[in-house]
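[1] kindly generate the corresponding structure for this input.
(chains A, B, C and D)
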2 protein chains.
Amino acid sequence: MSLVHAILGFLNKLPMTGYDLKTESFDQSVAHFWPADQAQIYRTLDKLTEQGFVESTIEVQTDRPNRKVYHITEAGRTELFRWLALPQSELPIHREPFLVQLFFADQVDPKTVFKLLEVQLDAHEKQLAKYREIPLPSVGTPGLSREFVFERLTLNMGIHNEQMYIDWLKESIKIVQQLGE
Amino acid sequence: MSLVHAILGFLNKLPMTGYDLKTESFDQSVAHFWPADQAQIYRTLDKLTEQGFVESTIEVQTDRPNRKVYHITEAGRTELFRWLALPQSELPIHREPFLVQLFFADQVDPKTVFKLLEVQLDAHEKQLAKYREIPLPSVGTPGLSREFVFERLTLNMGIHNEQMYIDWLKESIKIVQQLGE
DNA sequence: GTCATATATATGTGTAGTCATATATTAGAT
DNA sequence: ATCTAATATATGACTACACATATATATGAC
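    I've put the predicted structure just below:
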């Protein structure tokens, strides 16, 4: 359950509200490998409070709803560092509906298969373009802080992954076309 | 929910029991992009029966438990083909605990980060080796049936993906090493 | 003699994640 | 004047999936 540890990781940098975590942290930087639902962030913060890994203080606001600012505790920091050092030897499962479709594509007429492949290609090209637009300095930049280096590496993963998928799709489209002849 | 459609896809090729679906179909061919839990296969077969997409007949056995052989109905086939032709414009979410660790790796000492990367590299190299051992003819093989071509394409995705991940890990390890100097 | 494995189906229970919706107020857009 | 978006927290309800376990019998391994 990495949501817990992602939240601890963000709070270890800066105390924040659930709203900040969602809009400024998750949606801005880790969404492509750990998207987080707003409702689940709040519920996880409740659970972390019960466990003593975070605490909150109310910041009164007059014009807007009060802010419940969470900060990490010493126990929370210990738990974060324990998990951050734990090797992930089991690879995560990636379920892909599209690959299920492709697997059974012999039961479908070639034009439809071609259409499915094209839609995928379009979606991945758009995703790649999105990643490329993110203004993060490249890892080679002199004097770049460790924080940004690691963030950049995770973005590189996203870019590599989309590029690989696009290459594979183009290769597959060629093969499917030859099959139609 | 592609489990439903994967089951329909398999049953459209051949009537089978839940046990067969698990051991002969899922575990043998689509496990790397759609692993299926035994309990969930049986429950999904129940649901599909209620919906009228599959039907079952009992095959009595004396030495072993009776077999409940499922076959697809006409309604099931219609549903299968409807879904198989449906473009997947939304990309699936791939959650990666390891990338969460890497994102926060600036809070961890470099040796530990290096260890995490090495364990990942090892895991992905093993996975790649596993895929390469699967005896499926390459897409170029003359006279290869459409069924095998599409199965091969999905395996190619697995191989491409592991190769990309390994490349990215090696690149990242170099960068992390330079960071330590 | 005992233990593990294969064949075969089924239920109980828990968890992570999704989606909808409630509440309350301000600022800005049309 | 009215609608929408932003700020902020919270609950209800549902689904997919995971993990453990129950039942029953045969075969093969140590």
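[2] contacting residues around A:L121?
    If you count contacts by CB atoms under 8 Å, 6 or more residues apart in numbering or on different chains, A:L121 has them with A:I166, A:L169, A:K170, A:I173. For every residue, glycine as well, the C-beta is placed using N, CA and C.
[3] which strand or helix spans it?
    Using DSSP states H and E, A:L121 maps to helix A:110-133.
[4] the next helix or strand after that helix near chain B at all?
    Downstream of helix A:110-133, the next assigned helix or strand under DSSP H and E is helix A:146-180. Yes - interface with chain B: helix A:146-180 contributes A:146-147, A:149-151, A:153-154, A:156-157, A:160-161, A:163-165, A:167-168, A:171-172, A:175, A:179 (CB under 8 Å from any CB of the partner chain).
[5] got the buried residues for helix A:146-180?
    A:149-162, A:164-166, A:168-169, A:172-173, A:175-176, A:179 (16 or more other CB atoms under 10 Å in any protein chain shown).
[6] give the pairing partners of the helix or strand bottoming out on mean pLDDT in chain A; include direction for each.
    Ranked by mean pLDDT, DSSP states H and E, the weakest helix or strand in chain A is strand A:54-59, scoring a mean of 93. Using DSSP bridges, strand A:54-59 pairs in its sheet with strand A:67-72 (antiparallel).
[7] what's the partner strand in contact with?
    Contacts of strand A:67-72 (CB under 8 Å, 6+ apart): A:8, A:11-12, A:15-19, A:45, A:48-49, A:53-59, A:61, A:80.
[8] got it, and stretch A:104-111?
    A:101, A:113, A:116, A:176, A:179-180, B:5-6, B:9, B:12, B:80-81, B:84-85, B:145-147, B:149-150.
[9] next to DNA strand D, which bits of chain A? Give me the list.
    Within chain A, the positions near DNA strand D by CB under 7 Å from any atom of the strand are A:17-20, A:23, A:38-39, A:42-43, A:45-46, A:61, A:64-69, A:93, A:95.
[10] and the residue nearest the centre of chain A?
    Nearest to the geometric centre of chain A sits A:F33, at 2.2 Å (CA atoms, centre = their mean).
[11] mind listing what it touches?
    A:F33 neighbours (CB under 8 Å, 6+ apart): A:T154, A:M157, A:G158, B:H94, B:R95, B:E96, B:L99, B:V100, B:F103.
[12] make it 6 Å
    A:F33 sits next to B:E96, B:L99 when contact means CB atoms under 6 Å, 6 or more residues apart in numbering or on different chains.
[13] doesn't it belong to a helix?
    No - A:F33 is assigned coil when assessed by DSSP: H, G, I helix; E, B strand; the rest coil, not a helix.
[14] phi, psi for it please.
    phi -130, psi -10 (degrees, to the nearest 10).
[15] got a pLDDT number for the closest residue to A:G180 other than its chain neighbours?
    With sequence-adjacent residues excluded and distances taken as CB to CB, 6 or more residues apart in numbering or on different chains, A:G180 is closest to A:P110, at 4.4 Å. Per-residue confidence (pLDDT) for A:P110: 93.
[16] next, find the distance separating the residue nearest to the centre of chain A from B:L153.
    25 Å (CB to CB, to the nearest Å).
[17] confidence score at A:D37?
    96.
[18] ok, back up a step: buried ones only from the residues of chain A next to DNA strand D, please, as a PyMOL command.
    Entered in PyMOL, the line below selects the buried ones among the residues of chain A next to DNA strand D, by 16+ other CB under 10 Å:
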select buried, chain A and resi 17+18+20+42+45+67+68+69
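[19] return the subset of the residues of chain A next to DNA strand D lying in strands.
    A:R67, A:K68, A:V69 (DSSP state E).
[20] nearest to A:V139 among those?
    Set against A:V139, the nearest of those by CB to CB is A:V69 (33.2 Å).
[21] just the pLDDT at the nearest residue to A:R146 once chain neighbours are set aside, thanks.
    Counting by CB to CB, 6+ apart, B:D106 is the residue found nearest to A:R146 once chain neighbours are left out, at 4.0 Å. Listed pLDDT for B:D106 reads 96.
[22] count of neighbours near B:D106?
    Other residues near B:D106 come to 18 when the count uses other CB atoms under 10 Å in any protein chain shown.
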